[in-house]
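K.L.:
have a look; sequence and predicted model below, questions after that.
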Amino acid sequence: MELRAKVIVEGFWKGIHRSPYHGFSVEFTEYRQYTLGDDPRYIDWRLYARSDRFYIKKFEDETNLRCHMLVDHSRSMGYGSGSYTKSQYAGTLAATLAYFLYTQGDAVGLATFDDQIRQYMFPRNRSGYLRRLMVALEAEPQGSSTKLGPPLQHIGEMLTRKGLIILISDLLTSIDRLEPELGYLCTGGHDVVVFHVLDPAELNFDFDSPALFQDMESGRNMYVDPSDAQISYKRKLEKHLARTESICQNLGIDYHLFATDRPFDLALLDFLQDRMRHRKRIRHRGRPKGRRTI
Amino acid sequence: MSFLYPLFLAGIAAVGLPIILHMIRRQTRKRVTFSSLMFLRTAVPRFKNRSHLENLPLLILRCIILCLLAFAFSRPFFLREAGDAQVPVARRIVLLIDTSASMRRAGMWPRAIGEAQSALRDVSRADRVCVMRFDQGTETLIGFEQWDAMDSTRRTAAAAEQLSKLSPGWASTNLGLALVFAAEAIEDDEVNDEQQKFKTHRIVLISDLQKGSSLEALQAYEWPEALELEVKLIAAAGSTNAALQLIAGRDHPARTAGDELPSVRITNSPDAAVERFGLSWAGEDPAGTPDRATEVYVPAGHSVVVRAPQRTDNSASGKLILTGDDHDFDNTLYMAPRLTYQVNILFIDSDSAGDSEGMLYYVQRAFRATGSIDPVVISRSAENLTDADIAAAHLIIAADAISPGHIDSVRRYLENGRTVLLVMKSPDTVKTIAALAGIETIDSQEADVDTYAMLNRIEFKHPLLAPFSEPRFGDFTRIHFWKHRQINIDNLPGAEVLAWFDSNDPALFELHVGKGSLLVLASGWHPSDSQLALSSKFVPLLYSILEYGGILASRQSQYFVGDNVPISPWSGPESANIEIRKPDDSVIALDAGQESFTQTDLPGIYTIQSSAGNHIFALNLPAKECQTAVMPIEDLEGLGVFVGAAQGGFVSRASSPRFEGGTPSTLHRVASTFALESEQKIWRWIFIGLLVVSFIEIAMAGWLTRSPSNL
């Protein structure tokens, strides 16, 4: 897992030099006019030389990012029509982000959940901690059904300092209460990102023959003829996705739908572009500066 | 084509089952595991129409298998020609009528005769019939050839005439022997029938099928395959039957004359309705009415043993009568007084009776009176011996040489089949042996015994010594012989040595003289010669000699109907003038030399009238004949007898409505269809076809299973 994340991230860095998208990388420089009482050590003397005004490089005072990854380990994440499952994809995605943040010196934590928090690792940036994190991500999903409410509420209660929360899940559960549950995190001042991971078979439902379908979480059997059910299925799924995205938009949450057949580096690129756009949007809206985001 | 069991053809409807299975299987076979069914709704499995049936050849094969199975079970057969069913099949029939004592029960015999006549009326002209009666034995009244020789219009009448002469006797029932006899008669007749035109063989048994019937003969007999037994059961009107048997009636040596009243066993039938009976002696009046009756309680299916009631008269014989049950044929028990007869043992020697050093002393103590015999030892010295003594003796023990004057008498005695034991107290006795054997001289001398001699080899197979054949009785090594005589038996033709001394000298040998037997013991039993008299073998040996000489031959006073009564114990040496008076006062004179009386066909008191006096013995019904409960027909089937089912049941009961409902023509037609089907056996070919199709189906199914494209 660690090796996989490293390859993806390093490949990504190399690609940056050839990338046409300059300037999207993380820039945290921000100036504030010097006022009385500020520490003169943070005055940018070069800017003073050019502009004859005192500016303080305030960002130097901000601490590193605290990132919490919430990875869904319910049984439905074990589904995979291709060579790997949603769980493996989500694990690799989480590991990639963790490695990426770790190399920047950010603290990364992990929480796996199904209908409740199963494992929790506090965000840290110590040597060797990343390896423990990778081992936890490699574990196969052993949980039961997906329930977002209790884990999100639990996390929200645990976190006292603001940070980044990345939720990686297939969200194959009722989303009637999703808005208040995510809203609880947002009101806590956390920056929330949702990675919605689905298998291509779940997105397209392109089965060819009638069969007895068994639910991975409940074990329930249902006779389904795909020729009849496909249209209805896709309609319901699209409705589900649209509503999820709508909730996230309403709450100002970055929402990303990943099909498991999409390459990781492209997925990561999409994510960072979105983050860039998001940051600009925040700046324009005049959010408090000095917050370091990815 | 016709079917024996057309109902089985309904099984063809089962072909719908594989068709439905072939339809359903496609729908439910595939299973898919999916992450969540929250966006799916269930669909109803749809049956595809026939055009979508897969594996059609396999389906057809499976349908054929089911059809063949139903077809085989319906037992098809072809009617040969239109007229065939109407033409009666020639049959070979044995009409077997039970004439045992149990058929004497009230109302049974007329019904049995009625059944027999009814069976005769069903006989067609083409049939071959044999009429037999049976009880303990079997007798042919009309044989197959006799039937064939008669005019076809007179056959039935002749058979009916024979039947009218029949009446049940008093003998027991040997049903097994009768069935074997009848089956063999059919087989014999079949062997003589070159054209083989008789396809159906049947025994029509008219009997009460009582439980006491003997079936042992069937156990060693393989019942012919094509022979069918049809049973016409004659049921009794009442179910309660108690029987009376004498216990220890046979002369037991331990019983003494003038003993207490005899014990009798009263057995009640399992389905009896009455449990109280009366037991009494028949009165002295000619009518034989019972006097005071003793009440006896016997539960159904049980038996009790009681003492016979006290008698009011003192007559020697008696008739004990049981009252209270439905059938009285087995309610009378005839009893003859126990017989004690005198056995004369002539001891030839000069020993005194009280001298314990002599041999007589021990002989007198060995022979004691018992319940049946009263031995009298008559001691005579060789000089005082008379021919009358010899003639009156049942056994002669000669310890001294017999004078030449009496040798002829003794020889005649032997030639009449009697036994003489000659004990060689001295080598001189050998002259008597030589004289009785009819040779001039035999070498004999006193043996040179070192310390003592023992018996070495003993012929336990000989009847005289057979009682000692068991290991616990056969140890003679403790008997020491201080002295014995050596006899050279090489010159004695026909001498058979029964025991040897350890010096290989004969100790006991037998010489046949005429019908009699001369036993020679080479040593005495008195203390100066041996320890024989003091050993445990002495008394059994003397009694064994008595029995070997026929003196202890059974002189019973109680026999059963059908027994052979030995005459020789009563007759004495001359049996020329023996007459026997039967209970019906008929007198039968026995031929000279006849050893047994066989006309024991009537229960009652028999009197043997001979020169030796009159003796009586009683004849009763055998105990098994009194077991009148009906035997399960499965008992016969268990012994391999094929009991026909042509009449809608295994047994046609004479009074049963089932029998009355079936007309003879219907029964005959049914029997013919059975015979046709049994002859053609088409079902076997269908089963072979079924196996072939099954193998093809298995092979095809296996091939389809291995090819994934067909799944």
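P.N.:
Looks like it arrived, so ask away.
K.L.:
which residues sit in contact with B:A499?
P.N.:
B:455, B:457-459, B:465, B:476, B:506-508 (CB atoms under 8 Å, 6 or more residues apart in numbering or on different chains). Just so you know, the C-beta spots here come from the backbone N, C-alpha and C atoms, and that holds for glycine as well.
K.L.:
to clarify, my last question referred to B:D635.
P.N.:
So B:D635 contacts B:L215 (CB under 8 Å, 6+ apart).
K.L.:
repeat that for B:V129.
P.N.:
B:93-95, B:120, B:123, B:142, B:144, B:147, B:155, B:159.
K.L.:
and the helix or strand where B:A112 lies, what does it pack against?
P.N.:
Assigned by DSSP states H and E, B:A112 belongs to helix B:108-121. Identification of packing neighbours for helix B:108-121 by 3 or more CB pairs under 8 Å, 6 or more residues apart in numbering or on different chains; DSSP states H and E yields strand B:91-98, helix B:155-165, strand B:200-207.
K.L.:
could you chop chain B up by domain?
P.N.:
B:2-31+B:44-77+B:681-710, B:91-235+B:632-680, B:242-338, B:341-548, B:558-620 (automatic domain parsing).
K.L.:
can you redo those as TSV with mean pLDDT?
P.N.:
Supplementary listing: these in TSV, determined by pLDDT from 0 to 100:
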stretch	mean pLDDT
domain B:2-31+B:44-77+B:681-710	78
domain B:91-235+B:632-680	81
domain B:242-338	76
domain B:341-548	89
domain B:558-620	80
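K.L.:
ok so, going back, quick one, which of the helices and strands packed on helix B:108-121 is nearest to B:L590?
P.N.:
helix B:155-165 (27.2 Å; CB to CB).
K.L.:
returning to what we had before: ok, so of the contacts of B:A499, who is nearest B:S694?
P.N.:
Once CB to CB is applied, the member of the contacts of B:A499 that ends up nearest B:S694 is B:E459, at 69.0 Å.
K.L.:
now do the contacts for the closest residue to the closest one other than its chain neighbours.
P.N.:
By the measure of CB to CB, 6 or more residues apart in numbering or on different chains, the closest residue to B:E459 outside its immediate chain neighbours is B:L498, 4.8 Å from it. For B:L498, the contact set (CB under 8 Å, 6+ apart) comprises B:458-459, B:462, B:464-465, B:508-510.
K.L.:
in a strand, B:L498, correct?
P.N.:
Yes - assessed by DSSP: H, G, I helix; E, B strand; the rest coil, B:L498 belongs to a strand.
K.L.:
so how far is chain A from it?
P.N.:
Separation of B:L498 from chain A (CB to the nearest CB, to the nearest Å): 96 Å.
K.L.:
could you do B:F460 as well?
P.N.:
Taking CB to the nearest CB, one finds B:F460 at 87 Å from chain A.
K.L.:
for that residue, what are phi and psi?
P.N.:
phi -70, psi -20 (degrees, to the nearest 10).
K.L.:
how about stretch B:229-238: buried residues?
P.N.:
B:229-236, B:238 (16 or more other CB atoms under 10 Å in any protein chain shown).
K.L.:
which ones among those residues lie within strands?
P.N.:
Of the buried residues of stretch B:229-238, the ones assigned to strands by DSSP state E are B:229-233.
K.L.:
as JSON lines, those with distance to chain A would be great.
P.N.:
What follows is these, written out as JSON lines (distance: CB to the nearest CB, whole Å):
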{"residue": "B:L229", "distance to chain A": "62"}
{"residue": "B:E230", "distance to chain A": "63"}
{"residue": "B:V231", "distance to chain A": "63"}
{"residue": "B:K232", "distance to chain A": "67"}
{"residue": "B:L233", "distance to chain A": "65"}
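K.L.:
list the contacts of stretch B:539-546.
P.N.:
B:343, B:363, B:366-367, B:394-395, B:419, B:421, B:464-465, B:467-468, B:473, B:519, B:532, B:552.
K.L.:
buried residues, it. List them.
P.N.:
By 16+ other CB under 10 Å, the buried positions in stretch B:539-546 come out as B:541-546.
K.L.:
which two of those residues have the greatest separation?
P.N.:
B:L541 and B:L546, at 10.0 Å, using CB to CB across the buried residues of stretch B:539-546.
K.L.:
mind listing the helices for chain A?
P.N.:
A:2-18, A:45-51, A:86-103, A:129-138, A:149-158, A:178-187, A:200-204, A:226-251, A:264-285 (DSSP state H).
K.L.:
using CSV, list the CA coordinates for stretch B:415-423.
P.N.:
Extracted in CSV, the C-alpha atoms of stretch B:415-423 (Å, rounded to 0.1, in the frame of the first residue of the first chain):
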residue,chain,number,x,y,z
GLU,B,415,-32.2,-118.9,19.3
ASN,B,416,-35.6,-117.4,20.3
GLY,B,417,-33.8,-114.1,20.6
ARG,B,418,-33.0,-114.1,24.3
THR,B,419,-29.7,-113.1,26.0
VAL,B,420,-27.4,-115.1,28.2
LEU,B,421,-24.5,-113.6,30.1
LEU,B,422,-21.8,-116.1,30.7
VAL,B,423,-19.3,-115.2,33.4
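K.L.:
residues making contact with it?
P.N.:
By CB under 8 Å, 6+ apart, stretch B:415-423 touches B:359, B:393-399, B:410, B:413-414, B:429, B:432-433, B:436, B:513-521, B:523-525, B:545, B:548-551, B:573.
K.L.:
burial count for the nearest residue to B:L395 once chain neighbours are set aside?
P.N.:
Spatially, and ignoring its direct neighbours in sequence, B:L395 is nearest to B:I345 (4.9 Å; CB to CB, 6+ apart). B:I345 sits with 23 neighbouring residues when counted by other CB atoms under 10 Å in any protein chain shown.
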